[in-house]
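**Q** 3D, please:
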Amino acid sequence: MFTVIFGRPGCPYCVRAKEIAEQLKTARDDFNFRYVDIQAEGISKADLEKSAGKPVETVPQIFVDQTHIGGCDDFEAYAKENLGLYQ
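**A** Residues are numbered from 1 along each chain as shown. Okay, the predicted model is just below:
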């Protein structure tokens, strides 16, 4: 499975989401991810809203296999429930 994390510099929730993804990558052979800096890539919240299919107020915005999961807390809950993340 492939996860994309859209975040920005200086965001503690973006850092946390990357840490969770790193843990999953280490623990699972079938997990990989890409972190996208929305400022460096010129991606707006409006762009993320189009991909997510709903209003986006915060970052990170996380997609697992192109399915919108939500933000950091949503991703952590998803990973614990579905991917065997133990914290």
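**Q** In the protein, which residue sits furthest out from the middle?
**A** Each residue of the chain has a distance to the centre, and by CA atoms, centre = their mean the biggest one is for residue 29: 18.3 Å.
**Q** And what about that one, helix, strand or coil?
**A** coil (DSSP: H, G, I helix; E, B strand; the rest coil).
**Q** With residue 34 instead?
**A** strand.
**Q** ok, it - contacts?
**A** 2, 3, 4, 5 (CB atoms under 8 Å, 6 or more residues apart in numbering). Bear in mind the C-beta positions are built from the backbone N, C-alpha and C, glycine included.
**Q** separation between the first one and residue 30?
**A** Translated: residue 2. 10 Å (CB to CB, to the nearest Å).
**Q** More neighbours: the two, which one.
**A** More neighbours surround residue 2 than the other of residue 2 and residue 30, with 12 against 9 (other CB atoms under 10 Å).
**Q** bridging residues for the more buried one?
**A** Residue 2 has these beta-bridge partners by DSSP bridges: residue 32.
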